[in-house]
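Peer 1: starting from these lines, generate the structure:
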Amino acid sequence: AASALPNVEGCAPPEPEVKKKKVEHHKIESNPYFDGNPEYLVPVEGGVFSAREKKKRTETMPNGELIFHDIGLDFYKVKKGDNPSTIREKLSKYPQYAHLKDQTDKMHSFNIPSTVLQVDMWLPIPLENKDREMSDEQFAGYAKQGIDDIKEHPKYGKFVKEVIAKIGESDLIATLIAIAKQESGGKPLGQFEMHRWEKRYKAFSFSMLHILMERRGPGLEARHKLDMTEGQTYHPRNATKLFIGYMVEKTNHPIKLFPINEHYEKFASFYNGSDWKNTNKDYVVNITKYYKEAQLFLKEHPELIDGDA
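Peer 2: Numbering: from 1, shown residues only. Sure thing, here's the model as predicted:
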């Protein structure tokens, strides 16, 4: 189904916050794309822009294309006769989208079949490859920050604290690195586009961890409760929080999936569906390899995990 106008609502001034304990984050190497836009980390109530803000963020380009500017992510409104190639050709004429001309592989660019495109559908525009790529160290630092953030969430905080008490923060971050690497096809993290059309569900998955945004699904529910727009999910700090929220929303007992090295096949079914052996047969082999590598990496870099439980 054609998606609604990208789902974010309201940049109204935030309500006064209850004083919280200040969390100190490990200083990590900056990623210019994500760290250069402070809006990524500003909550948007319910993850949905107000009508006024939507109008403000909607732009008609010189040649008539309609663009919606989410936070850190733009959407193109599909017209009659469009396909990924014609959309790429139209948009690449503009300097801000010139990179699309060279990003033709579907994993790095538009990865939705022409047969699925519908008139008035809002299609995410791929980021430039270099903007979304990052090192394992950068991702680990962002994951640590996301975990610290979500410890304060009224619903998801309890779960993440239980996971840390069971397996330790280092192993939770190793899990996140392993998943991100699997979804990125290995190194570098983020090399694949951070939205993907999921044919079985007729919806996009978003972020470096590819959380499904199915209507009335656990990913969308978590995004709304985290006050996060679709564009904001691209930031790896937010992606970490979204992953944790998704786990809580999808199952009443997510703690049983940890540590994942004791439940690889169950985790594969949880994350990819019960048919994962047919749709993603190498998932367990890959996630096992990446998890072990991540554990070793974090042991060699203990400074990334301040105050591990």
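Peer 1: what sits closest to F204 if chain neighbours are left out?
Peer 2: H195 (5.0 Å; CB to CB, 6 or more residues apart in numbering). Just so you know, the C-beta spots here come from the backbone N, C-alpha and C atoms, and that holds for glycine as well.
Peer 1: so what's that neighbour scoring on pLDDT?
Peer 2: For H195, the pLDDT comes out at 94.
Peer 1: neighbours of it, how many?
Peer 2: 26 (other CB atoms under 10 Å).
Peer 1: hang on, it packs against L209?
Peer 2: No - using CB atoms under 8 Å, H195 and L209 do not qualify as a contacting pair, with a distance of 11.9 Å.
Peer 1: how about the most centrally placed residue in the chain, nearest residue that isn't a chain neighbour?
Peer 2: With distances taken as CA atoms, centre = their mean, S207 lies nearest the centre of the chain, 1.7 Å away. Distance criterion CB to CB, 6+ apart; nearest residue to S207, sequence neighbours excluded, is A239 at 3.8 Å.
Peer 1: ok, and what's touching the helix or strand hosting the one you found?
Peer 2: Here A239 sits within helix 236-250, counting by DSSP states H and E. With contact meaning CB atoms under 8 Å, 6 or more residues apart in numbering, helix 236-250 is reached by 34, 40-41, 134, 138-139, 142-143, 145-147, 149-150, 153, 155-156, 159-160, 176, 179-180, 190, 207-209, 211, 218-219, 221-223, 225-226, 228, 232-233, 254, 257, 270.
Peer 1: then stretch 28-42?
Peer 2: 11, 14, 71-72, 127, 131-132, 134-135, 137-138, 140-142, 231-232, 234-238, 304.
Peer 1: sorry, back to before: now the contacts of helix 236-250: which count as buried?
Peer 2: With neighbours counted by 16 or more other CB atoms under 10 Å, the contacts of helix 236-250 contain buried members at 34, 40-41, 134, 138-139, 142-143, 145-147, 149-150, 153, 156, 159-160, 176, 179-180, 190, 207-209, 211, 218-219, 221-223, 225-226, 228, 232-233, 254, 257, 270.
Peer 1: which ones among those residues map onto helices?
Peer 2: Counted as lying in helices by DSSP state H, out of those, are 34, 138-139, 142-143, 145-147, 149-150, 156, 159-160, 176, 179-180, 218-219, 221-223, 225, 270.
Peer 1: any stretches of the stretch 201-309 of the chain with poor pLDDT?
Peer 2: Within the stretch 201-309 of the chain, the segments meeting pLDDT under 70 span 306-309.
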